[in-house]
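Asker: give me a model of this one.
(2 chains)
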Amino acid sequence: MSRVIAALDNGLGARVVLETALAVAPLFRASVDAVHCREDGDELARWTAVDAGLELHELDGLVEQRLVEEGERTSVAALVVGAHRVPIGARPVGTVAMALITTLAKPIVVAPPEAEISSTLTRVLVPLDGTAETSAALLRTLTLACAADIDVVCLHVLQEHTVPAFSDQPQHEVTVWIDEFLARYAPCPGIRLELRIGVPGAHVVHVAEEIQASLIALGWSQDMSPGRAAVVREALERSSVPVLLVPVARGEPR
Amino acid sequence: MGSPPNHRFEAAIFDWDGTAVPDRSAPADEIRRVVEKLCGLGFEIGIVSGTNVDNVDGQLGARPHGPGRLHLCLNRGSEVFEVDRGGPRVVYRRVAEPGEEDGLTRAAELAVEQLARRGLRTEIVSRRLNRRKIDLIPEPEWADPPKARIDELLVAVQARLAACGIGGLAEVVMLAEAAAQEAGLPDARVTSDAKHVEIGLTDKADSAHWLFAHLWSRGIPPRAVLVGGDEFGPLGGAVGSDSLMLVPEAEDATVVSVGVEPLGVATGVIGLGGGPASFLRLLEDQLARREQGELPSLSHGPMWTLFIAGVDPLLERTHESLLAIADGRIGTTGTLLGSHPASAPSVLAAGVYDGEGPETTLLRHPVWTRLDLELSDGDAVERLLDLRTGLLHQRLELIDAGPVQAVLFSSLGRPGTAVLRATGHPEALSARRPLVLPEGVEGTERRLDSTVLVAEVAAAPDGGAVVAARDAHTSGRDGACLDRIAVYHTHPTERPDPDEAVAALAEAERDGFDRLLTESRAAWAERWEDADISIDGDPDLTLSLRFALFHMIASVASTGEAALGARGLTGPGYRGHVFWDTDVFVLPFLAATHPPAARALLEYRVRRLAAARMAAKARGRSGARFPWESAETGFDVTPTSAHDHSGALVPIRTGELEEHITADVAWAADCYAAWAGDEEFAAGPGRTLLVETARYWASRARRDSEGRAHIYGVIGPDEYHEPVDDNAYTNVMARWNLRRAAELAGGAPDVDEEERQGWRSLAEALVDGYHPATGLYEQFAGFFRLEPIVVSELASRRPIAAEVLFGPERVRAAQVLKQADVLMLHHLIPAEVEPGSLEPNLEFYEPRTAHGSSLSPGVHAALFAREGRLEKALEWLRVAARIDLDDITLTSAAGLHMATMGSLWQALAFGFAGLRPAGSTLSIDPRLPPSWGAYELRVRFRGSRVRVRVEEDSVLVRSDPPASVAVAGDTFVATPSGIAVDRRGAQGGDRR
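Answerer: Below is the predicted model of the structure:
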């Protein structure tokens, strides 16, 4: 069976990481493995796992390296990691999380330590930039979410260069535009699309709060170099709910 | 010897003597049988001969019943007879001009004299219609040589010529040509069949021209034509008589020779030999191919076809809209034969709505185009829509089931009848059901017997559809063959009678695939005869235009009433609601090319006059107020709120305020009457529409203390500003409406003089926002005080939805337009605006227009063309042309933009060609962009088929029957042979 790895550190976010892993596991049709890489003690991590009825698998070595190795196992469907050890930690994410999201070609959920996690995912916000690459990266997530009866809301933010050329009669035009956008980029039944205008990063967190999403799912190219991944940065910095990052297939840059 | 052609043709053109029969006394029972059978299956036959009708018809004796037609092109190109069960009747005859007959005789005598001077005795043996025949070997032995002895004959004639020092037949032909020239016949046709040399006014080339033109007019392209003869090769230096049939139009035809051809055949001609028996086998083979279900191949070439290769999941639904086929009543998207996750098949019926109020939407009908196939990633798919015939060809190469080919059409000749023929492996064609209910649609299905399936879907609150369909399986030469016919009976307000659908299915099945194909193909070709547009030097634009015309033709019925939604029958977008798109943008094309369809559009409005009257009354007004969005009932179905592109819920006020549609309907009625010359309509329902809409404006306008009249609180075509007072478009259209009604209502029993005078007075009082000092019309009261944003300078691109880019509030406070507003007046009613005002208003308003409506580019193309700014005109024309083909709106998946298509035609017809009805005269004022060599368009004007060809220096106008036309102000009578007028307006004389 597939596994979701909850990468527990010995910090304040461990409980949130584990709760997040338990909540997202059905999305991947996976069980949860609690994993801790020994660095500066394991008491909080162990207590967290045991409290949830799970055994804690402990690893030795360099944290980032060992977690990447663990995540690369074929049985691992996704990995959940804390954004930072304490709520006022490094932004957008700490070094461990940063290393994992930019290295491991697997879906990774970054959980903010202050998040309140419900036991089940009820609603996922999936921002889509209207490219086939992002859509392809997120298609499996969308499909599984729909199959798991999770309410999926997509978000597309129109920018200056993507403003439609025409809008004949808005009372009809927007509907047919949305229908076709979903048919192209989120072809699963029951999904709805929120439209906004402006800077995508600014809208993602806001809309997630507005619709009370319990997870934000983003496709991305794992490139955190300056000027790149603005939406991912914004979501990781400001989201109060976990952010699922799904790498776009290599060779198909966003 | 070559190999016989190995595919299905749709027509054959062939020589008689030597090709179809060995000689004129041979029995023709077999060829008669095959000809009659082929015609019965829609095959067209043209027999070409130098002899007369008694000889050929007397020998052939065929009496075909159609639908394929038999033509005898006789007397060496001078006559054409159509033969049906009643025998032959002449349909064309070349009548010699005065002097031509004498010239022929003189030419023949001169030729005989000159040959005699060389020592050769010849005789003029017949003086037939339009020709003279000289016997080069008047000796008993060669009195009537059979074709099989042609090589011997040739040797004998050559020897006879050589004995007189004449080099060969070619020299005799040259001598005869010179004689004809001397006799005053510079265009004489001289041919030789070895025994004779003939001097005539026509030859077999004229027959071929006529036949290829006829076949084209029946929807048969040259590549679907088999040409047969026995004399394509040279004869003693002269050209073989059958080679004259190889006119330029025959370039794509398949040509076979069954003759001896002593010197071989020309390149491109398949030399089969074998004489008439060989040709009979070819025709028998064509018969067998039809009987075994071989698919027709009727592609008219790249300027007539839309080709889509493969399945792109992102674009599949758009492609299905682009490939939609329809018959005016039923429309089906060009969906894949097999199921695919990206596919969204849609079958819609015009005017059959489901639901009530703003939720009213076109009812989704059972789908007839599906086979039990699941397409996978490795399967190859090709689809080709032939615009000239309405045939959708599909070719699949399936990993599991091998090749499957199909042709589908929605019969324009028999609306409501959909036909599919597929060939391939039996398993691939083993569909369990000929109909599939769309997902989410409740309906019933029942089997009448083991094969006929009857499906019913009901609309709320009433109306619906019954569909009867059957699959017929046979085995053919390409594996299995599936023939599926589905008959749709629909009704907007009642449950259709299933028995009628079943009976219609039975009738269609009795007629069979080939007859249905012929019927539909011919109906399409007939429509193109009156509608085609071509541009020399711009094949892409020509194809785009034809694509637009195709979908407009397909979306509107020619009888009863036609409810044309914004996306026609190509998709469910805009819920099928009827807007001004129909009256102002699509109707003019139909009025000018197929008046019955325009009349059906108007009938839709006429039958909803009661609802329009009620709508006016409910607002305390008189007359009739037409709704901004209309469906089955005629009451307004415009939604009152919607989410915009920012996700905000916004009020929609067009239903309440966009009232110009009432005048637009009146304009449409007048436009139709002007083009069609339909006096009965003009004096009946047309006048009622004009009168009732005028009454509405009379009750709607308000006078101020100074006596000026105003229309307060409306939305104009530029929908960025709402509500506004004294919108120029609304007021001037209302003014036109009042004046026109006053003009037409004279003598009407229900309109007294006082009321007419009141309309005239009100029209004079209506403010129109015109500023004489600048020549500008102010779009509405206060427009010139708004923020002077020039969107062409601010936006990085146009067209653009400016309300999305700038926000609706900012746009509302600025001089930013969505589409032509004031300028629509210059486009629709140029006589109602100040002379010379187009230029300043175009200069002012166009840069301020975002063109965020798909209606805008085409109208601006027309206006720039009128203004002579042809580069700008072309720029916007090309935008309009690509809106659906490039899916610029990203919504073509929900259906194609009918109004854009209408605007495209208007840009060509009204803008570039400057066509305008002016009473009983068609006014033409053409513009020709430098990048176009020429362009040609066809219209119907008051019963006349008019063709206008605009070239650099001249305009050629043909009209059948003759019609009055005015070119650049000078009036002429255009005739079938044509009047050429130079671009400055002087008549250049007849053009043949």
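Asker: show me what contacts residue 66?
Answerer: You didn't pick a chain, so chain A it is. Counting by CB atoms under 8 Å, 6 or more residues apart in numbering or on different chains, A:Arg66 touches A:Cys37, A:Leu59, A:Asp60. Every C-beta, even on glycine, is put in place using the N, C-alpha and C of the backbone.
Asker: oops, chain B please
Answerer: Contacts of B:Gly66 by CB under 8 Å, 6+ apart are B:Cys39, B:Gly40, B:Asp84.
Asker: hmm, try it at 10 Å
Answerer: Going by CB atoms under 10 Å, 6 or more residues apart in numbering or on different chains, B:Gly66 touches B:Cys39, B:Gly40, B:Gly42, B:Asp84, B:Arg85, B:Arg515, B:Thr518, B:Glu519.
Asker: show me where pLDDT drops low in the chain?
Answerer: If you meant another chain, say so; for now it's chain A. In the predicted model of chain A, residues A:250-254 satisfy pLDDT under 70.
Asker: wait, I meant chain B there
Answerer: Using pLDDT under 70, chain B drops low at B:984-992.
Asker: surely B:Val21 is in contact with B:Pro27?
Answerer: Yes - using CB atoms under 10 Å, B:Val21 and B:Pro27 qualify as a contacting pair, with a distance of 8.2 Å.
Asker: so what's A:His57 closest to, chain neighbours aside?
Answerer: Once flanking residues are discounted, A:His57 sits nearest to A:Val35: 4.9 Å by CB to CB, 6 or more residues apart in numbering or on different chains.
Asker: pretty sure that neighbour is in a strand, no?
Answerer: Yes - when DSSP: H, G, I helix; E, B strand; the rest coil is applied, A:Val35 is found to be in a strand.
Asker: give me the neighbour count for it.
Answerer: By other CB atoms under 10 Å in any protein chain shown, the residues close to A:Val35 number 24.
Asker: hmm, it is touching A:Ala6, no?
Answerer: Yes - A:Val35 is within contact range of A:Ala6, at 6.7 Å (criterion: CB under 10 Å).
Asker: need the residues touching each of those two.
Answerer: Counting by CB under 10 Å, 6+ apart, the shared contacts of A:Val35 and A:Ala6 are A:Ala21, A:Ala45, A:Ala49, A:Leu56, A:Leu79, A:Val80.
Asker: quick check: the fifth one vs chain B, distance?
Answerer: Taking CB to the nearest CB, to the nearest Å as the measure, A:Leu79 falls 30 Å from chain B.
Asker: taking the stretch 701-850 of chain B, what residue is nearest to chain A?
Answerer: B:Ala801 (3.9 Å; CB to the nearest CB).
Asker: wait, B:Gly512 touches B:Leu41, no?
Answerer: Yes - using CB under 10 Å, B:Gly512 is in contact with B:Leu41, at 7.8 Å.
Asker: joint contacts of the two?
Answerer: Joint contacts of B:Gly512 and B:Leu41 (CB under 10 Å, 6+ apart) are B:Arg290.
Asker: part of a strand, is B:Ser964?
Answerer: Yes - under three-state DSSP, B:Ser964 sits within a strand.
Asker: near chain B, which residues of the stretch 1-150 of chain A show up?
Answerer: A:Gly130, A:Thr131, A:Ala132, A:Ser135, A:Ala136 (CB under 10 Å from any CB of the partner chain).
Asker: can you list the residues of the stretch 151-254 of chain A near chain B?
Answerer: Near chain B, when you scan the stretch 151-254 of chain A using CB under 10 Å from any CB, you find A:155-158, A:160-181, A:183-185, A:187, A:189, A:193-198, A:203, A:207, A:210.
Asker: of those, grab the buried ones for ChimeraX.
Answerer: Only the buried entries of those go into this ChimeraX selection, using 16 or more other CB atoms under 10 Å in any protein chain shown:
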select /A:155,156,157,158,163,164,165,166,167,168,169,170,171,172,173,174,175,176,177,178,179,180,181,183,184,185,187,193,194,195,196,197,203,207
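Asker: among the residues of the stretch 151-254 of chain A next to chain B, which lie within helices?
Answerer: A:170-181, A:183-185, A:203, A:207, A:210 (DSSP state H).
Asker: residues contacting the residue of the stretch 251-400 of chain B found nearest chain A?
Answerer: Proximity of the stretch 251-400 of chain B to chain A (CB to the nearest CB) peaks at B:Leu314, 4.8 Å away. For B:Leu314, the contacting residues are A:Thr131, A:Ala132, A:Ser135, A:Glu180, A:Ala183, A:Arg184, A:Tyr185, A:Pro187, B:Ala342, B:Asp887, B:Ala893, by CB under 10 Å, 6+ apart.
Asker: ok, now with 7 Å
Answerer: A:Ala132, A:Arg184 (CB atoms under 7 Å, 6 or more residues apart in numbering or on different chains).
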